[in-house]
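Colleague: Provide a 3D model corresponding to the input given below.
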Amino acid sequence: MSETKKLSLPVVDLARKNDEFRKVLWTGDKTQLVLMAIPEGGEIGGEVHEGHDQLLYFVAGKGVARIGEVESDIGDGDVSIVPSGTFHNFRNTGSGMLKLFTTYSPPEHAPGTEHATKDEAEADE
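Modeller: Presented below is the predicted three-dimensional model:
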């Protein structure tokens with residue numbers, strides 16, 4: 001997939017329509033915009049990004065965020081902040097997909113990265 005060249009996007013609508021685990025929309029020198037969809041009962045998977053801050057904006061579904069030692073319920077309209085070096089995981093606890101868009105600063109993934117499923121994403125790492 002090629003990334004968008006547009007600098008204004010209907011990102012909530014794009015995120016709600018996305019069914020891929022990960023889809024990089026735009027990559028700049030210091031920030032990256034990515035769509036994600038977590039299937040019912042699935043999770044992003046516990047991870048730590050050294051040198052990367054991450055903001056996750058939830059647009060559909062329900063789940064649980066673990067950031068450091070704190071767990072919180074998340075859903076449509078919530079944002080989670082993950083500072084660099086902090087363990088985090090996000091689980092879908094609702095029915096249907098948990099959908100979100102996320103920003104990484106600086107970019108975390110190769111421009112144009114697309115993974116239909118979490119298994120595909122893990123195989124690419």
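
Colleague: contacts and neighbour counts: CA atoms only from here.
Modeller: OK.

Colleague: quick one: residue 16 is in a strand?
Modeller: No. Counting by DSSP: H, G, I helix; E, B strand; the rest coil, residue 16 is not found in a strand; it is helix.

Colleague: is it true that it touches residue 100?
Modeller: Yes. At 7.5 Å, residue 16 and residue 100 qualify as touching, with contact defined as CA atoms under 8 Å.

Colleague: what about the helices in this structure?
Modeller: All helices of the chain, identified by DSSP state H, fall at 11-17, 118-124.

Colleague: which one of those lies nearest to residue 71?
Modeller: helix 118-124 (21.7 Å; CA to CA).

Colleague: make CSV from the helices of the chain and add mean neighbour count, mean pLDDT and distance to residue 67 to it.
Modeller: Listed next are these as CSV, based on neighbours: other CA atoms under 10 Å; pLDDT from 0 to 100; distance: least, CA to CA, whole Å:
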stretch, mean neighbour count, mean pLDDT, distance to residue 67
helix 11-17, 17, 97, 22
helix 118-124, 12, 76, 20
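
Colleague: where does pLDDT dip in this protein?
Modeller: Scanning the chain for pLDDT under 70 picks out 1-2, 109-111, 115, 125.

Colleague: quick one: common contacting residues for residue 16 and residue 100?
Modeller: Both residue 16 and residue 100 are in contact with 59, 60, where contact means CA atoms under 8 Å, 6 or more residues apart in numbering.

Colleague: on that earlier part again, need the helices of the chain in CSV (columns: distance to residue 4).
Modeller: CSV is the format used below for those (distance: least, CA to CA, whole Å):
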stretch, distance to residue 4
helix 11-17, 12
helix 118-124, 21
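
Colleague: now for the ones you listed, which one comes closest to residue 62?
Modeller: helix 11-17 (13.2 Å).

Colleague: counting by contacts, list what that closest one packs against.
Modeller: Counting contacts by 3 or more CA pairs under 8 Å, 6 or more residues apart in numbering; DSSP states H and E, helix 11-17 is packed against strand 32-38, strand 53-60, strand 98-105.

Colleague: nearest to residue 21, out of those strands?
Modeller: strand 32-38 (4.7 Å).

Colleague: quick one, the closest one and strand 98-105 angle?
Modeller: If you take axes from the mean of the first three to the mean of the last three CA atoms, to 10 degrees, strand 32-38 sits at 160 degrees to strand 98-105.
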